[in-house]
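Enquirer: I'd like to go over a predicted model; first the sequence, then the structure.
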Amino acid sequence: MRILIYGAGAIGSDLGALLSASGEDVQLLARGAQLAALQANGVTVEYQGQPSVQVPVKALSAEACSGRFDLIFVTLKSTQLAAAAKSIVSLLAPDGVVVMIQNGLPWWYFDGVESAHQGARLSCLDPDGVLQREIPLSQVLGAVIYRPVTQTAPGKIFLPKVMPPKLQIGEVDNQLSKRLQSIADLVSRAGLPTEATQDIRRAKWQKLMMNLIWNPLCSITQSSPGYIVQSALAADIVGLMMLEGSAVARSVGIDLKVDPLAELERVRQNLAQTPSMLQDVRAGRPIEFDAIMNVVVEMALMIFQNQ
């Protein structure tokens, strides 16, 4: 099986290193200083409290990438998907699978399963319809990752000791297919526990509830979650944000249990974590505003207007 990591940033480099170390035929698509570092030294992985290790990988540029791949893990930010859509599909084998690993909700949220809103478009996620036109949903798996990896320099990543790592993957139509289980087994063997879920939308919402809170709060205040939870106002703010987010989820059929005190305690146990949006703000990169926050507002407006 030929595997491609499309977007060898922090998550992509981490996943590529795991799959490479496990003996899979995997290539990492990168550019600039990141590409040069990966080609020269592989991925340097630093685990908190442990010596760093170097994992040799096959890295290449988009121009040098040729042939078709059976499995593509797209680890780009949601803000980069539309520009890369045609390229991704051009590299995908006719019976290949693309696993979309992004924060937030996907452009295909209302496709693939029966619902009161089936076929509705989320314009903030795909304003020009590029993703809908270019990427065949029959070849797409949704994914949710819990692995707070940070890129510290070109070719170097850091993994803190926080929550247990996990990847969840699911079919757009929620079926427990053979290909889904096969990919889950492959990634699990490489060292990242992976669950084949029959409700990828619920899995997306469960992580989104955390991202909805900590990404904007930390980005606006330029503070870590560990600093924010020390505030006497934290419980009230987190509680209100969770209630509002879960109300929108419930309106589209996802009933989530929210517990602000439990969420605050989770953060206290994972003080080394830095939200991805805060990392992007500090690095001057575009933030995933639409996929994490604006999509919830758009959904709420859509539900309200249809009542």
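Expert: Received the coordinates, thanks. Residues are numbered from 1 along each chain as shown.
Enquirer: any low-confidence regions in the stretch 201-307 of the chain?
Expert: For the stretch 201-307 of the chain, applying pLDDT under 70 flags the ranges 271-272, 307.
Enquirer: which residues in it form helices?
Expert: Applying DSSP state H, counting those that start in this stretch to the stretch 201-307 of the chain gives helices spanning 225-228, 234-251, 260-268, 276-283, 289, 295-305.
Enquirer: CSV please, covering these and showing mean neighbour count.
Expert: In short, each C-beta sits where N, CA and C put it, glycine included. CSV is the format used below for the helices of the stretch 201-307 of the chain (neighbours: other Cβ atoms under 10 Å):
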stretch, mean neighbour count
helix 225-228, 18
helix 234-251, 17
helix 260-268, 15
helix 276-283, 18
helix 289, 17
helix 295-305, 16
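Enquirer: Could you identify the longest strand within the chain?
Expert: Using DSSP state E, we find that the single longest strand of the chain is strand 92-101.
Enquirer: tell me how far that one is from the chain's mean position?
Expert: Its chain's average C-alpha position is 16 Å from that of strand 92-101, according to Cα atoms, centre = their mean, to the nearest Å.
Enquirer: ok, now stretch 193-205?
Expert: That offset, for stretch 193-205, works out to 12 Å (Cα atoms, centre = their mean).
Enquirer: Stretch 167-186 too?
Expert: On Cα atoms, centre = their mean, the centre of stretch 167-186 falls 16 Å from the chain's centre.
Enquirer: end to end, how far does it reach?
Expert: 12 Å (Cα to Cα, to the nearest Å).
Enquirer: What lies in contact with it?
Expert: Under the criterion Cβ atoms under 8 Å, 6 or more residues apart in numbering, residues 1, 19, 24, 71, 97, 99, 101, 108, 111-113, 137, 140-147, 187, 192-201, 203 lie in contact with stretch 167-186.
Enquirer: Return the distance of the residue nearest the centre of the chain relative to Leu131.
Expert: Nearest to the geometric centre of the chain sits Gln102, at 2.6 Å (Cα atoms, centre = their mean). Separation of Gln102 from Leu131 (Cβ to Cβ, to the nearest Å): 11 Å.
Enquirer: again, but for Arg250
Expert: For Arg250, the distance to Leu131 (Cβ to Cβ) stands at 26 Å.
Enquirer: that older thread, could you pull up the residues touching the residue nearest to the centre of the chain?
Expert: Val74, Leu76, Lys77, Ser78, Leu81, Ala143, Glu288, Ala291.
Enquirer: what two of the residues you listed are the furthest from one another?
Expert: Pairwise distances across these (Cβ to Cβ) peak at 14.9 Å, for the pair Ala143 and Glu288.
Enquirer: and the closest residue to Asn174 other than its chain neighbours, what are its phi and psi?
Expert: Take Asn174 and drop its neighbours on the chain: the residue closest to it by Cβ to Cβ, 6 or more residues apart in numbering is Gln198, 5.1 Å away. Dihedral angles of Gln198 (phi, psi; degrees, to the nearest 10) stand at phi -100, psi 10.
Enquirer: Per-residue pLDDT of Gln198, please?
Expert: Here, the pLDDT recorded for Gln198 equals 97.
Enquirer: With Leu125 instead?
Expert: 96.
Enquirer: Just give the number of residues close to it.
Expert: As a burial measure, Leu125 scores 23 neighbours (other Cβ atoms under 10 Å).
Enquirer: Then Asn306?
Expert: Neighbourhood size, Asn306 [other Cβ under 10 Å]: 10.
Enquirer: contacting residues around it?
Expert: For Asn306, the contacting residues are His117, by Cβ under 8 Å, 6+ apart.
Enquirer: ok, 7 Å please
Expert: Applying Cβ atoms under 7 Å, 6 or more residues apart in numbering to Asn306 gives no contacts.
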